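*Asks:* Whatever this is, show me its structure:
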Amino acid sequence: APAQARSGASRATDARSAARSAARGLARGAAAATAGATALALPAGSPATSSPAAPRTRMRVLERPRTAGRRVGFAVSCTAVLTALMLGLLLLNVAISGNAFTVAELQSQRGVLVDQQQALEQQLLLEGAPSSLAARARALGMVPAPQVLVLAPDGTGAPPVAPAP
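*Replies:* Model prediction:
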């Protein structure tokens, strides 16, 4: 019975020392977590944790790499490029719409000028008609010629041939 009592007491001592070690490990882990850093842990089957006689590997706290400056610069660059593209599209759209108004105005002017041209051509045809020319000549006091002389290509004159009835 005393042998069993001693082995039970040694078991209790071993359990207490294991609990203290675990508590110290938790305290260290909590201190590292409150500092905002990530702790480096060894896997469970590694030689440093499996045998108590092996030398313990010293753990160290690792800091996160600082990449915030790069991200901000990239975001600012992308925003600047997008803003420049949007301004370019806006200016292009304004130029196109301005040209569209100019084209519409020129087309309406073309329609007016085409109408004027047609009216002038009609007036020219009316003024050039033989009856219109004879009326204007009489209004100016001109009289018809009693006899018309037609010149031949050799320079001789010949009376006109009367049209056949």
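
*Asks:* how much space between residue 93 and residue 86?
*Replies:* Between residue 93 and residue 86 the computed distance is 10 Å (Cβ to Cβ, to the nearest Å). Backbone N, C-alpha and C define where each C-beta goes, glycine included.

*Asks:* Residue 155 now?
*Replies:* In this structure, residue 155 lies at 84 Å from residue 86, with Cβ to Cβ as the measure.

*Asks:* neighbour count winner among those two?
*Replies:* Each of residue 155 and residue 86 had its neighbours counted (other Cβ atoms under 10 Å), and the higher figure belongs to residue 86 (10 against 6).

*Asks:* where does this structure have its least confident helix or strand?
*Replies:* Ranked by mean pLDDT, DSSP states H and E, the weakest helix or strand in the chain is strand 38-39, scoring a mean of 46.

*Asks:* Tell me where this protein has helices.
*Replies:* Secondary structure of the chain (DSSP state H): helices at 2-34, 47-50, 68-127, 130-139.

*Asks:* what's the least confident stretch among these?
*Replies:* Lowest mean pLDDT within those: helix 47-50, at a mean of 52.

*Asks:* Pull stretch 82-93 out as CSV, backbone CA atoms only.
*Replies:* What follows is the C-alpha trace of stretch 82-93 in CSV, where atoms were taken according to Å, rounded to 0.1, in the frame of the first residue of the first chain:
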residue,chain,number,x,y,z
LEU,A,82,-9.7,55.6,-64.2
THR,A,83,-10.3,59.3,-63.6
ALA,A,84,-8.2,60.2,-66.6
LEU,A,85,-10.1,57.8,-68.8
MET,A,86,-13.5,59.1,-67.6
LEU,A,87,-12.4,62.7,-68.3
GLY,A,88,-11.2,61.6,-71.8
LEU,A,89,-14.5,59.9,-72.5
LEU,A,90,-16.4,63.0,-71.3
LEU,A,91,-14.4,65.3,-73.6
LEU,A,92,-14.8,63.0,-76.5
ASN,A,93,-18.5,62.8,-76.0
